[in-house]
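Colleague: Okay, here's the prediction I keep looking at, along with the sequence it came from:
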Amino acid sequence: MIIGQVINSVWCTRKEDSLTGMKLLIVKLLDSQNHDNSRNIVAVDLIGAGIGERVLITQGSSARKSLGSDEAPIDSIIIGIIDENAEL
Amino acid sequence: MIIGQVINSVWCTRKEDSLTGMKLLIVKLLDSQNHDNSRNIVAVDLIGAGIGERVLITQGSSARKSLGSDEAPIDSIIIGIIDENAEL
Amino acid sequence: MIIGQVINSVWCTRKEDSLTGMKLLIVKLLDSQNHDNSRNIVAVDLIGAGIGERVLITQGSSARKSLGSDEAPIDSIIIGIIDENAEL
Amino acid sequence: MIIGQVINSVWCTRKEDSLTGMKLLIVKLLDSQNHDNSRNIVAVDLIGAGIGERVLITQGSSARKSLGSDEAPIDSIIIGIIDENAEL
Amino acid sequence: MIIGQVINSVWCTRKEDSLTGMKLLIVKLLDSQNHDNSRNIVAVDLIGAGIGERVLITQGSSARKSLGSDEAPIDSIIIGIIDENAEL
């Protein structure tokens, strides 16, 4: 899993039908000490993460399978919100 | 998922039979603030994305499965077009 | 597989139910000679790794499958603790 | 998918039995504008790509599944040859 | 697939039971011209690779499946030894 910080939500009026009702968040990855290498990804949020919170993200087929579907076009989900005072 | 911008389409006269009829777009990834690290990928488009539009992309087995086939040689699809005035 | 060094544990009070009881460790990857490129990931630990120990990590669907579940939202697990005097 | 240029073939006298008869090509990835980051991979070729040609490559489980086998030790295949005069 | 050079073996006294008897090798990837970006991975060796030899490696679920098991915690295997006089 990787750690990131929620920076925004993302809206798509035109999208795959199966995405309807899913909350999509832009997450800045905190996996590198090299700020020039920082990357953003988009993850499905099922547990109510807010902007600024640090979150734990699972990627790949494990993200899709955990949704209970084998056909959702999803490769990243937020699986936990890291406690506020945690040192990373 | 990752965010990119459509920059062109790509044509292959010689290709796997199962690609016939699929629209393939070159997408410049917008996942990094470091422009030297920007990468291009090719994704299947099922929702009518145009050149210049910013799109949401799913990768890996989740891209293949969402096509309803377990044997398509596809590892990236466009699943949404990001609203024009969205801040990323 | 990749090699990393355990640097901390990570706590999430709000999380996916299926994570309850799993020990999650932050691991600094030792896969690059370029320290500016060093990355951190979070892995499930089933074999009792401690802070400072060097560990072997499996990623992707192989991490999830080895837990004996096809739906756990897990993409990284620690599968071995590297002997202390090993040269890497 | 990613785009690359075929630069050579690769020969392994000692190899997994299931690789026998497969044509393996070294491909320089053209996915980055930063030449210091250029990477080489090895892909199975089923459609007759030649040295110097630009090709489209699928990776991961989608490469294996498209071979019609679930056990081939293959994670990259060439699925198309990009038309010669195409701009990338 | 990717190309690397075997640089050492790795020993884990404490490990997942399913790893018992597997030979694990540290491999320096030769996929980049940029030496600052060189990475090391650990791969299972089933074909008798020696230190210094250049090898072909498959990653992800294709590595696990080729072992004939769907639950082995393995994401990288050596599938070929590249002929000594080959140019890469």
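Modeller: Nice, I can see it. Numbering: from 1, shown residues only, chains lettered A, B, ... in the order given.

Colleague: Would you state the strands of chain A in chain order?
Modeller: Listed in chain order, the strands of chain A (DSSP state E) span A:2-9, A:14-15, A:24-29, A:40-45, A:54-59, A:76-81.

Colleague: between those strands, which gets nearest to residue C:69?
Modeller: Distance to residue C:69, taken as CB to CB, is lowest for strand A:54-59 among those, at 13.0 Å. Heads up, the C-betas are built off the backbone N, CA and C, glycines and all.

Colleague: Work out the gap between the closest one and the centre of the chain.
Modeller: Centre-to-centre, strand A:54-59 and its host chain are 6 Å apart (CA atoms, centre = their mean, to the nearest Å).

Colleague: Tell me if it is near chain C.
Modeller: Yes. Against chain C, strand A:54-59 shows contacts by CB under 8 Å from any CB of the partner chain at A:56, A:58-59.

Colleague: Give the partner strands of that strand in its sheet and their orientations.
Modeller: strand A:2-9 (antiparallel), strand A:76-81 (antiparallel) (DSSP bridges).

Colleague: Close to chain E: what parts of chain A are there?
Modeller: On the criterion CB under 8 Å from any CB, chain E has as its neighbours in chain A the residues residue A:61.

Colleague: Which helix or strand in chain A has the lowest average pLDDT?
Modeller: Per-element confidence for chain A was summarised using mean pLDDT, DSSP states H and E. The lowest value among helices and strands belongs to helix A:61-65, with a mean of 94.

Colleague: which residues touch the residue most central in space within chain A?
Modeller: With distances taken as CA atoms, centre = their mean, chain A has residue A:43 as the residue nearest its mean C-alpha position (2.7 Å). Each residue near residue A:43 by CB atoms under 8 Å, 6 or more residues apart in numbering or on different chains is listed here: A:4, A:24-25, A:27, A:55, A:57, A:63, A:76-78, B:1.

Colleague: out of everything not next to it in sequence, what's closest to it?
Modeller: In this structure, residue A:43 finds its nearest non-sequential neighbour in residue A:76, 4.1 Å apart by CB to CB, 6 or more residues apart in numbering or on different chains.

Colleague: Tell me how many other residues crowd the residue of chain A found nearest chain E.
Modeller: Distances between chain A and chain E by CB to the nearest CB are smallest at residue A:61, namely 7.8 Å. For residue A:61, the tally of surrounding residues (other CB atoms under 10 Å in any protein chain shown) stands at 25.

Colleague: near chain B, which residues of chain A?
Modeller: With the criterion set to CB under 8 Å from any CB, chain A comes near chain B through A:8, A:10-16, A:18-19, A:24, A:26, A:36-43, A:60-61, A:63-64, A:70-76.

Colleague: Throw together a PyMOL command that grabs the buried residues out of these.
Modeller: For selection in PyMOL, the members of those meeting the burial criterion (16 or more other CB atoms under 10 Å in any protein chain shown) are listed in this command:
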select buried, chain A and resi 8+10+12+15+16+19+24+26+37+38+39+40+41+42+43+60+61+63+64+72+73+74+75+76
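
Colleague: who in chain A is up against chain D?
Modeller: By CB under 8 Å from any CB, the residues of chain A that approach chain D are residue A:61.

Colleague: which residues of chain A score low on pLDDT?
Modeller: Judged against pLDDT under 70, the low-scoring parts of chain A cover residues A:34-37.

Colleague: and if we set it to 90?
Modeller: Judged by pLDDT under 90, chain A has its weakly predicted residues at A:31-38, A:66-71, A:84-88.

Colleague: follow-up on the earlier one: buried deepest among the strands paired with strand A:54-59, which one?
Modeller: Between the strands paired with strand A:54-59, strand A:76-81 has the highest mean count of neighbours, a mean of 25, where neighbours are mean count of other CB atoms under 10 Å in any protein chain shown.

Colleague: any idea of the angle that one forms with strand C:24-29?
Modeller: Here strand A:76-81 points in a direction 120 degrees away from that of strand C:24-29 (axes from the mean of the first three to the mean of the last three CA atoms, to 10 degrees).

Colleague: Determine the angle, from 0 to 180 degrees, between strand A:76-81 and strand C:40-45.
Modeller: Between strand A:76-81 and strand C:40-45, the angle formed by their directions is 70 degrees, by the same axes, to 10 degrees.

Colleague: Could you tell me how far strand A:76-81 lies from the centre of the chain?
Modeller: The mean C-alpha position of strand A:76-81 is separated from the chain mean by 6 Å, CA atoms, centre = their mean.

Colleague: got a list of contacts for it?
Modeller: With CB under 8 Å, 6+ apart as the contact definition, strand A:76-81 has outside contacts at A:1, A:25, A:27, A:41-49, A:53-59, A:63, A:66-67, B:1, C:12-16, C:19, C:73.

Colleague: Kindly recompute the last result at 7 Å.
Modeller: Outside of strand A:76-81, the residues within contact range by CB atoms under 7 Å, 6 or more residues apart in numbering or on different chains are A:25, A:41-47, A:49, A:53, A:55-59, A:63, A:66, B:1, C:12, C:14-16, C:19, C:73.

Colleague: Which residue, other than its chain neighbours, is closest to residue A:75?
Modeller: In space, residue A:75 comes closest to residue B:62 once its chain neighbours are excluded; the distance is 4.5 Å by CB to CB, 6+ apart.

Colleague: er, residue A:64 actually
Modeller: Nearest in space to residue A:64, with sequence neighbours left out and distances taken as CB to CB, 6+ apart, is residue B:62 at 4.7 Å.

Colleague: got a list of what that neighbour touches?
Modeller: Residue B:62 neighbours (CB under 7 Å, 6+ apart): A:61, A:64, A:73-75.

Colleague: now, the most widely separated pair of these?
Modeller: For the contacts of residue B:62, with distances taken as CB to CB, the pair at the greatest spread is A:61 and A:73 (12.0 Å).

Colleague: in the sheet, who's paired with the closest residue to residue A:48 other than its chain neighbours?
Modeller: Across the structure, with CB to CB, 6+ apart as the measure, the residue nearest residue A:48 apart from its sequence neighbours is residue C:14 (7.4 Å). For residue C:14, the beta-bridge partners are residue A:81 (DSSP bridges).

Colleague: ditto for the one 10 residues further on
Modeller: Applying DSSP bridges to residue C:24 gives these bridge partners: residue C:44.

Colleague: measure it to chain B for me?
Modeller: 23 Å (CB to the nearest CB, to the nearest Å).

Colleague: Next, the contact list for that residue, please.
Modeller: For residue C:24, the set of contacting residues under the criterion of CB under 7 Å, 6+ apart consists of C:9-10, C:42, C:44.
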